[in-house]
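In: Here is my input, please return the structure:
(one chain, ligands or ions: 1)
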Amino acid sequence: MVLSFDRWVGKVAVVTGASSGIGAAIAEQLVEKGALVAGLARRRDRLEQLANKVVGKKGKLYPVEADISKEEDILKAFAWIKENLGIVHILVNNAGVAHNGSLIDDKTEDWERVFRINVLGLSIATREAIKDMKANNVDGHIIHINSIVGHQAAPNISVYPASKFAVRALAETLRLELNSMKSKIKITNISPGLIDTEAIPPQMKTEEFYKEGKIIGPDAIADGVVYALSTPPHVQVVGLARRKDRFEKLANKFAGKAGKFYPVVTDISKEEDVLKAFAWVKENLGPIHILVNNAGMARKGNIHDGDTEEWKRVFKVNVLGLCIATREAIKDMKANNIDGHIIHINSIVGHQAYSGTSVYPASKFAVTALAETLRLELNSLKSKIKITSISPGLVDTEILPQDFDLGTFYKEGKIIRPEDIADGVVYALSTPPHVQIQELTIRPIIDFF
Ligand SMILES: NC(=O)c1ccc[n+]([C@@H]2O[C@H](COP(=O)([O-])OP(=O)(O)OC[C@H]3O[C@@H](n4cnc5c(N)ncnc54)[C@H](OP(=O)(O)O)[C@@H]3O)[C@@H](O)[C@H]2O)c1
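Out: Residues are numbered from 1 along each chain as shown. Now for the predicted structure:
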């Protein structure tokens, strides 16, 4: 575990929309962890209530009255923070409004209000925070609280999805800008599903919704913020095997730990091997609760002059082997009534193609689709088995070509370690049963791809 919040203790964190819901939960957790939190919102009384609630904790909450839809208010708030609290190290852009309505007959003012708060206010606050971080040489962290409708539109909430699509683009554009400046300021985009806050109508907060696992509390999002902030400076948020000798070494290394490691020599590209491995596990260890589909291979090469046999090998391991293992694990979980967890170790090239590694990106795009298809299937079965896709950037492992200059990559912050991915797996597994981390992108602070 390399997660630690220590570097933020005693440092200034700005949380917008801290007077209720998700923002209040984030502000509270950051104070508990030791940050000096400037909580921005229009309702001063609510901010003061929260400040009183957290008195005596490790950090402190400072109420700052500001209307995020007004630029002068944001500038005044940042000036006050600079003068009274110090340099901004963290900014959580959480303030946001949803709007029930339609694109066909809404009023222009309603659209303007949503964009002024969700997009323009967020952009102004981000610019001000980064200005302060840069002027003081601070490798800070910006977090946008987005939404799943920032990835997939939904009807009857007017321009709200459009505003959240814009937030996603803003997060990615900022990441690219920071990268081109070789800045180590981080940007994380967190996209919650349905969260129980004042923004949600009462008919969606029923016991039934909770029982069916359709809504979660704001603390789950605050946990995600703390996880992202706790990754090491070079990490950006976001066993079965063939080699027996390696396995035995690992089993020895793990001796004396709380759990136990059982080597099962398996070639994932061969269905009979996978089935045999699952049968052995069933007979010797018991029902499966967790499956981490990590086995994968990459090969240098092209599509225009590539080798068919090589392509087949990549798809057999990365796609077909993963499908077979997933099916077998779920069969076992269902037969034993276990709400287990499947984790696919995907890649950022499963979201954005990259040339030079032939069909590898295509195999990982397939993994993205497989994770989402499985989530929809499990949902339609009302199953509480979880599926998480974790997409690492460049990780220092043996999959990398021999000629990579790792020393320079480390110096430039272009590579992360396998432990950073393991931390993401433990985080996803540690969320409560009703919380599903759908996609976690964990990349080096500076882009390689
Ligand atoms: N609840 C969900 O299901 C859900 C799902 C996905 C994403 N989100 C996102 O999560 C964020 C927080 O929402 P929530 O559900 O926690 O809603 P909430 O309980 O209604 O909280 C919204 C917060 O935003 C602040 N805010 C709104 N307009 C503001 C303005 N003009 N100036 C300053 N602050 C303003 C509010 O403070 P004042 O009213 O005191 O100003 C309040 O603290 C939003 O960005 C939302 O889009 C929510």
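In: Show me where this protein has its strands.
Out: 12-16, 36-41, 60-65, 88-93, 141-145, 186-190, 235-236, 240-241, 264-265, 290-293, 341-345, 386-392, 439-444 (DSSP state E).
In: Just list the residues touching Glu310, thanks.
Out: 299, 301, 358 (Cβ atoms under 8 Å, 6 or more residues apart in numbering). (Each C-beta comes from the backbone N, C-alpha and C, glycine too.)
In: Please convert the buried members of these into PyMOL selection syntax.
Out: Filtering the contacts of Glu310 down to the buried ones (16 or more other Cβ atoms under 10 Å) takes a single PyMOL command:
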select buried, resi 299+301+358
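In: Lys211 is nearest to which of the strands of the chain?
Out: Nearest of the strands of the chain to Lys211, taken as Cβ to Cβ: strand 386-392 at 17.0 Å.
In: quick one: average pLDDT of that closest one?
Out: In this model, strand 386-392 carries a mean pLDDT of 97.
In: and if you look at stretch 115-128?
Out: pLDDT averaged over stretch 115-128 gives 95.
In: Tabulate the CA atom coordinates of it in PDB.
Out: The C-alpha trace of stretch 115-128 is given here as PDB (Å, rounded to 0.1, in the frame of the first residue of the first chain):
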ATOM      1  CA  PHE A 115     -23.700  26.500 -17.500                       C
ATOM      2  CA  ARG A 116     -22.700  29.500 -15.400                       C
ATOM      3  CA  ILE A 117     -22.400  27.300 -12.300                       C
ATOM      4  CA  ASN A 118     -21.400  23.900 -13.600                       C
ATOM      5  CA  VAL A 119     -19.000  25.000 -16.400                       C
ATOM      6  CA  LEU A 120     -18.000  28.600 -16.100                       C
ATOM      7  CA  GLY A 121     -17.700  28.800 -12.300                       C
ATOM      8  CA  LEU A 122     -15.700  25.500 -12.300                       C
ATOM      9  CA  SER A 123     -13.400  26.900 -15.000                       C
ATOM     10  CA  ILE A 124     -12.800  30.200 -13.200                       C
ATOM     11  CA  ALA A 125     -12.100  28.500  -9.800                       C
ATOM     12  CA  THR A 126      -9.700  26.100 -11.600                       C
ATOM     13  CA  ARG A 127      -7.800  28.900 -13.300                       C
ATOM     14  CA  GLU A 128      -7.500  30.800 -10.000                       C
END
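In: And the contacts of it?
Out: When contacts are defined by Cβ under 8 Å, 6+ apart, stretch 115-128 is touched by residues 14, 16, 68-69, 71, 74-75, 78, 88, 91, 93, 95-97, 142, 144, 159-160, 163-164, 166-167, 170, 174.
In: Now the buried members of those residues.
Out: Buried among the contacts of stretch 115-128 (16+ other Cβ under 10 Å): 14, 16, 68-69, 74, 78, 88, 91, 93, 95-97, 142, 144, 159-160, 163-164, 166-167, 170, 174.
In: Contacting the ligand as well, which ones from those residues?
Out: On the criterion Cβ under 6 Å from any ligand atom, 68-69, 95-97 are the entries of the buried ones among the contacts of stretch 115-128 that sit beside the ligand.
In: biggest separation within those, which pair?
Out: Farthest pair in these, by Cβ to Cβ: Ser69 and Gly96, 11.1 Å.
In: Many thanks, I have nothing further to ask.
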